[in-house]
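Q: Sharing a model that was predicted from the sequence below.
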Amino acid sequence: MRVSQPLSPLTAHLGYWMRLVSNHVSHGFARKLADRDVTVAEWVVLRQLYDEDALAPSRLAERLGMTRGAITKLADRLTAKALLMRTDHPDDGRAQTLALTKQGRRLVPTLAVLADENDAAFFGHFTPDERSRIEQFLKAIVDRHGLTDVPVS
């Protein structure tokens, strides 16, 4: 197959620039979390559960756009770290709910500060108006393509 026009360089694509920034933002946050022995995916679960008393794993999976298997693995890791507890559902012995432990509940605000600091390190130089416009553009892409999964990596 012959190409009749020159190939565009990688840097000609907005996706290239979005991925470059996204990779560095995510990697920076992952390093900060690693110092607390938490992964980005674990942080997402912890943060989601922070606003809940308890949640069924299937509900959590649905809210985060993850598989039940992924939630089970994350719950296992967070339980081993004493940040999450599983409780049998009172009406159905086969069903469980997930909730933060006291230690998990104390840790989330500390991790949230790290998330805020990471965000400020990459985007703090924008004016509030510039930041708002960037957010509007990104949300428009999300809406147009019906993107719903929560980014965890």
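A: That came in fine, so what should we check first?

Q: Which strand or helix spans Phe122?
A: Counting by DSSP states H and E, the element that carries Phe122 is helix 102-123.

Q: Can you tell me the number of residues neighbouring Leu83?
A: Other residues near Leu83 come to 24 when the count uses other Cβ atoms under 10 Å. (Each C-beta comes from the backbone N, C-alpha and C, glycine too.)

Q: With adjacent residues omitted, what lies nearest to it?
A: Nearest in space to Leu83, with sequence neighbours left out and distances taken as Cβ to Cβ, 6 or more residues apart in numbering, is Gly104 at 3.6 Å.

Q: Dump the C-alpha coordinates for whichever helix or strand comes after the helix holding Phe122 into PDB.
A: The helix or strand immediately downstream of helix 102-123 is helix 128-145, counting by DSSP H and E. Extracted in PDB, the C-alpha atoms of helix 128-145 (Å, rounded to 0.1, in the frame of the first residue of the first chain):
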ATOM      1  CA  PRO A 128      -8.600  29.000  37.500                       C
ATOM      2  CA  ASP A 129     -10.100  29.900  34.100                       C
ATOM      3  CA  GLU A 130      -7.500  27.900  32.200                       C
ATOM      4  CA  ARG A 131      -8.000  24.900  34.500                       C
ATOM      5  CA  SER A 132     -11.700  25.100  34.100                       C
ATOM      6  CA  ARG A 133     -11.400  25.200  30.300                       C
ATOM      7  CA  ILE A 134      -9.100  22.100  30.300                       C
ATOM      8  CA  GLU A 135     -11.500  20.300  32.500                       C
ATOM      9  CA  GLN A 136     -14.400  21.200  30.200                       C
ATOM     10  CA  PHE A 137     -12.500  20.000  27.100                       C
ATOM     11  CA  LEU A 138     -11.700  16.700  28.800                       C
ATOM     12  CA  LYS A 139     -15.200  16.200  30.100                       C
ATOM     13  CA  ALA A 140     -16.600  16.900  26.600                       C
ATOM     14  CA  ILE A 141     -14.400  14.000  25.300                       C
ATOM     15  CA  VAL A 142     -15.700  11.800  28.100                       C
ATOM     16  CA  ASP A 143     -19.300  12.600  27.300                       C
ATOM     17  CA  ARG A 144     -18.900  12.200  23.600                       C
ATOM     18  CA  HIS A 145     -17.400   8.800  23.900                       C
END
